[in-house]
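> fold the following, please.
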Amino acid sequence: MAAIVTATDVTVQYHERAVLDAATFSIEEDDRIGLIGRNGCGKTTFLRILAGLQTPDSGDIARRRELVASYLPQDFMLDATKSVEENIRDGAKPVLDLIAEYESLPADSKRHEFLEHRIVTLEGWTLDRRIATAMSNLNCPAGDRRVETLSGGEKRRVAMARAIVSRPDFLMLDEPTNHLDPESIEWVAEFLDGFTGAFLVVTHDRYFLDRVTKRIVELSEGRFYWHEGNYADYLLAKAERQATDVVLEHKRQMFLKKELAWVRSGVRAQRSKSKIRFDRYYDAAAQDAPEIEEDVELCIPPPPKLGNRVVDLSNVGMELGGRRLFHGFDFKFENGRRIGVAGRNGLGKTTLLRIILGQLAPTEGTVKTGQLTQFNYVDQSRLQLREERTALEEVSDGTEYVIFGDGKLSLRAYLKRFLFTDDRIMTQVKYLSGGERSRLLLARILKNGGNFLILDEPTNDLDLPTLRVLEEALIAFTGVVLVVSHDRYFLNRICTDVLAFEGDGTIHHSVGDYDYYLEKKERAAAATSKQALAAITAPKSAASEVKTRRLSFKETKELEGMEAQIQALDAEVVRIEGLFAAPDFHRDHASQAGELKAKMDATKRKTELLYARWSELESLKNGNGK
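Residues are numbered from 1 along each chain as shown. Sure, this is the predicted structure:
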């Protein structure tokens, strides 16, 4: 397969640090690549170089002739003076230029055939229809709205539509799922499934990575590491790679120790043999030790004790601007529960949070908050960071310690739990990456403590290592956690319950993680569809003769215990995936990699069989069995 873009020995240095260190990268015609790495490691810099927006300090970038490339940056490149539709149409400038040239040429021009071929290849004649489809499926605002009036989430949708309408040969997406609801994310995934060119995506959404990529490339210490397969395959391959690195490093250290003892012993042998041993020693000593990720722990202060009542919602409903968002919602929050809030944008998720916090009064129903309940709220807009301050100054607020349970923790030690190294702690905010800013905001807000933690879209702009640490911290938190998120993988890892906004004015409660909620929703829809079809197709004269089999006592008991079995199996899969993702996997579990992978696969197969049996029993329970 021919390469369409090749980066050779690319180097970019910021201050004393090289984010790209003679790095080489090649993209072929049908590549589906996920680029991952810690925030600040150089992913966005590399995308900007590929897009021609930045020049490396050294190295070469070669592009195929007449390559049509499109780039979705994290920071939107939209024209504030233009409308939504005008901005989206600007994304198709390459094909619009071809059409303009085609229409301006005389009838006997020899370029007609070439231009028409290119326009057809880029689907230029159907551009208007594709713009309308993209705007609809991405829930873009009205086409005549001015960009300057849009929210951050609305701008993200417009920028996403702008990036894909040109049908490029090469598509670069930097965090494309941020601020998109599940339906929009699914549409983008389906679009990429059918995309005929190559794409390179940077995203923290692990479900999305698993869904759309075939190769994972990790950028670490200025170099690229390639892994065939999706994100799950990458985790296993990386764990095995690190385990091998540790073994090789151990052998290297033992060799150095042995050779050093030989030198110190004063042993003299033949001059040529001595020189060979010295050369081997210096070669081994000059090798760099493998880079091992630090085992860090994001720090959420232990919560104060909760009372018997946390927050009780009774028949709660809300109307805004004459529109009914939801109604009749009853729910009691209990200590130790981690509740995920999911659903499309605009259905009232953030409004529910504000009602719980007491910032909004519901239009119907009551909210009763326990006397010992202390909220700690991380909202979507977060807080504004002051550019000239250092990370330490932003968190300190004039203090040197964070109250941590019954004791204190120094601010430096606290920030290290949020993955800040000593030099980054003293770095001004204006020099921090987007992910570092996000972590700094979390550190500043979470230090306030509380026993009811409410997070509104906390995963946006966090890198994968930070996300894994945040997940572990939330799982270990002994208070109540309420999280609004579109990140399916994140919800699966932390949730004990899901509150789902499905657009029907009702908030649906489901025990278990997000995948479990979706499974039940799909089964309910399938059962309803089957009943409706049976009612339509069954002959009226024979209706009284149709006999349905009901569940036996044994089957009823089997069905009652099946939900707990499925949840336990799902939890085991999540546990093993968490082991593979842990920075210390190579140290604690390297020898068990094959056994753990086999156990995870077997557990997934058993879960599939249970789901099939559950579907059968549910069908009988609903009177659909014969």
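
> drop to CA atoms for contacts and neighbour counts, all remaining ones
OK.

> tell me the pLDDT at Ser274?
The score at Ser274 is 61. That number is its pLDDT.

> next one: Leu219
On pLDDT, Leu219 comes in at 91.

> so it touches Gly37, yeah?
Yes: the pair Leu219 / Gly37 is scored as a contact, 5.2 Å apart, by Cα atoms under 8 Å.

> give me the common contacts of the two.
Jointly contacting Leu219 and Gly37 under the rule Cα atoms under 8 Å, 6 or more residues apart in numbering are Lys43.

> which residues touch Arg439?
With contacts defined as Cα under 8 Å, 6+ apart, the neighbours of Arg439 are Phe418, Leu462.

> surely it is within a helix?
Yes: read with DSSP: H, G, I helix; E, B strand; the rest coil, Arg439 is one of the residues of a helix.

> separation between it and Thr466?
Distance of Arg439 to Thr466, given as Cα to Cα, to the nearest Å: 8 Å.

> next one: Ala526
As it turns out, when the distance is counted by Cα to Cα, Ala526 lies 38 Å from Thr466.

> give the residues shared as contacts by Arg439 and Thr466.
With Cα under 8 Å, 6+ apart, Arg439 and Thr466 have common neighbours Phe418.

> quick one on the thing from earlier: compare Ala526 and Thr466 (neighbour count), which wins?
Each of Ala526 and Thr466 had its neighbours counted (other Cα atoms under 10 Å), and the higher figure belongs to Thr466 (23 against 14).

> chain center to the host helix or strand of that one, what's the gap?
For Thr466, the element it lies in under DSSP states H and E is helix 464-476. Its chain's C-alpha centre and that of helix 464-476 lie 12 Å apart, by Cα atoms, centre = their mean, to the nearest Å.

> near Asp144, how many other residues are there?
Using other Cα under 10 Å, Asp144 has 11 neighbouring residues.

> revised request: answer the last question for Thr369.
Thr369 has 16 neighbours, counted by other Cα under 10 Å.

> could you do the one 3 residues further on as well?
Using other Cα under 10 Å, the number of residues around Leu372 comes to 15.

> what of Ala413?
The number of residues near Ala413, taken as other Cα under 10 Å, comes to 15.

> what separation do you get for it and Glu400?
With Cα to Cα as the criterion, Ala413 and Glu400 are 11 Å apart.

> same question for Ala593.
For Ala593, the distance to Glu400 (Cα to Cα) stands at 43 Å.

> go on, Phe195?
Noted for Phe195: a distance of 53 Å to Glu400, by Cα to Cα.

> which of the two has more neighbours?
Neighbour comparison, Phe195 and Glu400: the larger count goes to Phe195, with 18 against 14 (by other Cα under 10 Å).

> now do the same contact list for that one.
Contacts were defined as Cα under 8 Å, 6+ apart; by that measure Phe195 touches no other residue.

> tell me the pLDDT at it?
In this model, Phe195 is scored at 87, pLDDT.

> now do the SS call for it.
Secondary structure for Phe195, judged by three-state DSSP, is coil.

> which residues touch the residue nearest the centre of the chain?
Nearest to the mean C-alpha position of the chain, counting by Cα atoms, centre = their mean, stands Asp205 at 1.7 Å. If a contact means Cα under 8 Å, 6+ apart, then Asp205 has Thr177, Asp487, Arg488, Tyr489 as its contacts.

> cool, Val429 as well?
Applying Cα under 8 Å, 6+ apart to Val429 gives the contacts Leu385, Arg386, Glu387, Glu388, Arg389, Thr390, Ala391, Arg437.

> now Glu618
Under the criterion of Cα under 8 Å, 6+ apart, the neighbours of Glu618 are Leu559.

> what helix or strand is it on?
Assignment of secondary structure by DSSP H and E places Glu618 within helix 593-621.

> state the mean pLDDT of that helix.
Model confidence over helix 593-621 averages 78 on the pLDDT scale.

> buried ones in it?
For helix 593-621, the buried set under the neighbour-count rule, 16 or more other Cα atoms under 10 Å, comprises 593, 596-597, 600, 603-604, 607, 610-611, 614-615, 617-621.

> before we move on, what about stretch 499-511?
So, applying 16+ other Cα under 10 Å, buried residues of stretch 499-511: Leu499, Ala500, Phe501, Gly505, Thr506, Ile507, His509, Ser510.

> between these, which is nearest Ala159?
Phe501 (25.8 Å; Cα to Cα).

> partner residues bridging that closest one?
Here Phe501 sits in beta bridges with Gly343, Ile507, as judged by DSSP bridges.

> wait, doesn't it sit right on Tyr517?
No: in this structure, Phe501 sits apart from Tyr517 without contact. The criterion is Cα under 8 Å, and the distance is 11.8 Å.

> list the contacts for the residue lying closest to Thr506 once chain neighbours are set aside?
In space, Thr506 comes closest to Phe326 once its chain neighbours are excluded; the distance is 5.4 Å by Cα to Cα, 6 or more residues apart in numbering. Listed by Cα under 8 Å, 6+ apart, the contact set of Phe326 reads Val316, Gly317, Met318, Glu319, Gly348, Asp504, Gly505, Thr506, Ile507.

> buried residues in the strand or helix carrying Phe326?
Secondary structure from DSSP H and E places Phe326 in strand 323-333. The neighbour-count criterion (16+ other Cα under 10 Å) identifies Leu325, Phe326, His327, Gly328, Phe329, Asp330, Phe331, Phe333 as the buried residues of strand 323-333.

> and for stretch 550-570?
Arg550, Leu551, Thr556, Leu559, Met562, Glu563, Ile566, Gln567, Leu569, Asp570.

> roughly how far out does it sit from the chain middle?
Distance, centroid of stretch 550-570 to centroid of chain: 33 Å (Cα atoms, centre = their mean).

> pLDDT on that stretch, on average?
79.

> just stretch 504-518 next, same as before
Here stretch 504-518 scores 89 as its mean pLDDT.

> what sits up against that stretch?
So stretch 504-518 is contacted by 324-329, 340, 488, 491-502, 567 (Cα under 8 Å, 6+ apart).

> could I get that stretch in PDB with only the CA atoms?
Output for stretch 504-518, consisting of C-alpha atoms alone and laid out as PDB, is shown next (Å, rounded to 0.1, in the frame of the first residue of the first chain):
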ATOM      1  CA  ASP A 504     -39.400  11.100  26.400                       C
ATOM      2  CA  GLY A 505     -39.600  13.400  29.500                       C
ATOM      3  CA  THR A 506     -38.800  10.600  31.800                       C
ATOM      4  CA  ILE A 507     -35.500   9.900  33.600                       C
ATOM      5  CA  HIS A 508     -34.800   6.200  33.500                       C
ATOM      6  CA  HIS A 509     -32.900   4.500  36.300                       C
ATOM      7  CA  SER A 510     -30.900   1.400  35.600                       C
ATOM      8  CA  VAL A 511     -28.700  -0.500  38.100                       C
ATOM      9  CA  GLY A 512     -25.300  -1.500  36.700                       C
ATOM     10  CA  ASP A 513     -23.000   0.100  34.100                       C
ATOM     11  CA  TYR A 514     -23.800   1.900  30.900                       C
ATOM     12  CA  ASP A 515     -23.400  -1.200  28.600                       C
ATOM     13  CA  TYR A 516     -25.800  -3.000  30.900                       C
ATOM     14  CA  TYR A 517     -28.300  -0.200  30.500                       C
ATOM     15  CA  LEU A 518     -28.000  -0.200  26.700                       C
END
